[in-house]
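Undergrad: Fold the following for me, if possible:
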Amino acid sequence: MYDAELMAVATGAAGTLVAAIAASGAEQMHLKVAHFFRLASPDQQRAAAQAVDDTAVQLTPSSPEAQVLAWAQLIAQYLAEHHDAMSELDELVVPTPPASKVWNQHNNGTGTFIGGDVHGGVTFNYGGASDGGH
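TA: Below you'll find the model as predicted:
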């Protein structure tokens, strides 16, 4: 069994990870999990990838505890074998920002608009990074 401090860290990370899988879906979390477990054995990497899918399929709002416990065990085992990965744990559990949604509208032509003819367009980038007004 792992020491109490390691299990506390692993359980906290596991809870956040399960919530991220529930919010973002398995597809969004596969890359993060694969990156975090990159030093693991191939069997451990496959187990972590499968755990993402299992969590997404089995997670219900009333029963996340079993998923958190399973992830806590995976994370604790990995951290026990790869102590340096502790510094990367934040990257695993920081929520993935939502994907940007972009809409483009282009207006041109003749006719009466408010104030006369309108030429140009507008781009809405909802949820994305600002490009500085360009």
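
Undergrad: going forward, measure contacts and count neighbours with C-alpha atoms only.
TA: Fine.

Undergrad: S87: neighbour count?
TA: By the measure other Cα atoms under 10 Å, the count of residues near S87 is 8.

Undergrad: Correction: the previous question concerned P42.
TA: By other Cα under 10 Å, the residues close to P42 number 11.

Undergrad: Have a look at this protein and report its longest helix.
TA: Longest helix in the chain, counting residues (DSSP state H): helix 4-24.

Undergrad: What is it packed up against?
TA: Secondary-structure packing of helix 4-24 (3 or more Cα pairs under 8 Å, 6 or more residues apart in numbering; DSSP states H and E): helix 26-36, helix 42-58, helix 65-81, helix 89-93.

Undergrad: Give me the mean pLDDT for that helix.
TA: The average pLDDT for helix 4-24 rounds to 89.

Undergrad: hmm, back to that, so which of the helices and strands packed on helix 4-24 gets nearest D3?
TA: D3 lies closest, by Cα to Cα, to one member of these: helix 65-81, at 9.3 Å.

Undergrad: That closest one: which residues count as buried?
TA: Across helix 65-81, burial judged by 16 or more other Cα atoms under 10 Å covers Q67, V68, L69, W71, A72, Q73, L74, I75, A76, Q77, Y78, L79.

Undergrad: export the residues you listed to TSV and tack on pLDDT and distance to K32?
TA: Shown next, in TSV, are these (pLDDT from 0 to 100; distance: Cα to Cα, whole Å):
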residue	pLDDT	distance to K32
Q67	89	17
V68	91	17
L69	91	19
W71	93	14
A72	93	16
Q73	93	18
L74	93	15
I75	93	13
A76	93	17
Q77	93	18
Y78	93	15
L79	93	16
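
Undergrad: Show me which of those is closest to M86.
TA: Looking across these and measuring by Cα to Cα, the closest to M86 is L79, at 6.4 Å.

Undergrad: list the contacts for that closest one?
TA: L79 makes contacts with L6, A85, M86, as judged by Cα atoms under 8 Å, 6 or more residues apart in numbering.
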